[in-house]
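Engineer: Can you look at this prediction? I've put the sequence above it.
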Amino acid sequence: MIFDIKKYAIHDGPGIRTTVFFKGCPLHCKWCHNPESIRTSPELGFRQSRCIGCGQCIEVCPDDAISVVDGVITTDSAKCTQCCKCVDACIPAAREIIGSERGINEIVDEIEKDIMFYDSSGGGVTISGGEPLAQPDVLCALLTECRDRGIHTTVDTTCYAKLDVVKRVRPLGDLFLCDVKHLDDKIHRKITGVSNELILSNIRWLDDSGADIIIRMPFVPGYNDSESNIKALGEFVSSLSSVLFIELLLYNSGGREKAKRLVKFVDIVRAKHAEDESVEAATRILESYGLEVKAGSYNE
Ligand code: SF4
Ligand code: SF4
C-alpha cells in the first residue's frame with residue numbers, strides 16, 4: 001500500500017534517489033508533513049482549485065455525499081464511504097484516490113529506470129512513508145530486489161516496530177534515517193500518540209548492529225525545540241557509535257495544507273517556522289556533544 005513514488009529526490013539520503021512512500025503509520029505527529037500517509041487504506045482527496053463545478057461527481061455519488069454549499073462543491077465526510085466513484089467522473093482530476101496496492105515488480109521497474117542517475121550521483125532508493133516497517137513483508141521483498149540490482153537502499157523510519165521486524169530489515173538496508181521526535185516520553189506520547197521507548201531501544205539495537213544511521217529530528221517550534229530536549233537529544237546520540245550525523249528537519253506548514261485536501265479529517269496543527277537563531281542555537285548545543293549537525297528539509 002503506497003501513496004507516491006517520487007523521482008529525483010535529494011532530501012532522503014545521499015545522491016539522487018527514488019523515494020517510495022508507504023501508506024500507514026502507527027504515529028500521529030501533530031505537525032505531520034505527510035498526513036495522507038497516516039491511514040493505511042486508500043482515501044479520497046479533493047483539490048478545490050481544480051474543480052470546475054461541472055457537478056458530475058454529484059451525479060455518480062451513490063451515497064449523496066456531495067452537494068453544492070454556498071456555490072462550492074462540498075463532500076460530507078460522514079456520508080462518504082470512500083467508494084471513489086466520483087474520482088472517475090471528475091475530468092479535471094480535482095478528485096483523487098490517495099494510496100493504492102502496487103506489485104513489487106511494478107515498483108522495482110519504476111525504481112530501475114533511474115539506475116543511471118543513482119550510479120552517477122551515489123544515490124539509490126529510499127523507502128519512506130508513513131512507516132515502512134509497518135509493511136515488513138513488502139519492505140523486505142522490495143529491498144531485496146533493489147539489493148539484487150546493486151541499488152543502494154535507505155529506510156526512512158520512525159523505528160516504531162517490533163524488534164523482530166527491525167532485525168529482518170537490518171541486513172537489507174544500507175542506511176537508516178531514524179526519526180527522533182522527543183526524548184521525554186510523556187511529551188512524546190502527547191505529540192505523537194505513542195511512547196518513545198520502543199523507538200529509542202530499536203535505534204540502540206541498530207547502532208549496536210553497526211548500521212549506518214542518520215538521526216533526524218523534525219525541528220518544530222513550540223513542540224520539541226526546547227533547550228532541554230536538544231540537550232537530551234545530544235546526550236542520547238552521543239552515546240551511540242554508528243551515527244553519521246544529526247539532521248534537523250525544519251518545520252514547514254505543507255502538512256497542514258495537504259491535510260485540507262483529505263475528505264476525511266486529519267488534525268494537523270500549524271506551528272511556527274523556526275527562526276535562524278533557534279536553529280543555530282540547537283546546532284551549537286548538539287555540536288558541543290561532538291556531533292555533526294545539518295539542517296535539512298522534509299521529503300514530500
Ligand atoms: S468517494 Fe465518497 S463522495 Fe465520492 S462517490 Fe464515493 S461516497 Fe460519494
Ligand atoms: S466532478 Fe470534479 S470538477 Fe466536476 S464538480 Fe465534481 S469535483 Fe468539481
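Structural biologist: Sure thing, it's come through. Ligands and ions are numbered 1, 2, ... in the order given.
Engineer: Verify the contact between residue 253 and residue 270 for me.
Structural biologist: Yes: with contacts counted by Cβ atoms under 8 Å, residue 253 reaches residue 270, the gap being 5.5 Å. Placement of C-beta: from N, CA and C, glycine included.
Engineer: Name the helix or strand for the nearest residue to residue 136 once chain neighbours are set aside, please.
Structural biologist: Nearest residue to residue 136, sequence neighbours excluded (Cβ to Cβ, 6 or more residues apart in numbering): residue 165, at 4.6 Å. Using DSSP states H and E, residue 165 maps to helix 163-169.
Engineer: Now that helix - C-alpha only, PDB.
Structural biologist: Written as PDB, here are the backbone C-alpha positions of helix 163-169 (Å, rounded to 0.1, in the frame of the first residue of the first chain):
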ATOM      1  CA  LEU A 163      12.400  -5.600  17.300                       C
ATOM      2  CA  ASP A 164      11.900  -8.800  15.100                       C
ATOM      3  CA  VAL A 165      10.900  -6.600  12.200                       C
ATOM      4  CA  VAL A 166      13.900  -4.300  12.700                       C
ATOM      5  CA  LYS A 167      16.200  -7.400  12.800                       C
ATOM      6  CA  ARG A 168      14.700  -8.700   9.500                       C
ATOM      7  CA  VAL A 169      15.100  -5.400   7.700                       C
END
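Engineer: What helices and strands are in contact with it?
Structural biologist: helix 136-148, helix 197-208 (3 or more Cβ pairs under 8 Å, 6 or more residues apart in numbering; DSSP states H and E).
Engineer: Switch those helices over to CSV, and while doing so, append distance to ligand 2, mean pLDDT and mean neighbour count to every line.
Structural biologist: Formatted as CSV, the helices and strands packed on helix 163-169 follow (distance: least, Cβ to the nearest ligand atom, whole Å; pLDDT from 0 to 100; neighbours: other Cβ atoms under 10 Å):
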stretch, distance to ligand 2, mean pLDDT, mean neighbour count
helix 136-148, 32, 98, 18
helix 197-208, 40, 98, 18
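Engineer: could you dump those helices to CSV with distance to residue 265?
Structural biologist: Below are these laid out as CSV (distance: least, Cβ to Cβ, whole Å):
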stretch, distance to residue 265
helix 136-148, 28
helix 197-208, 27
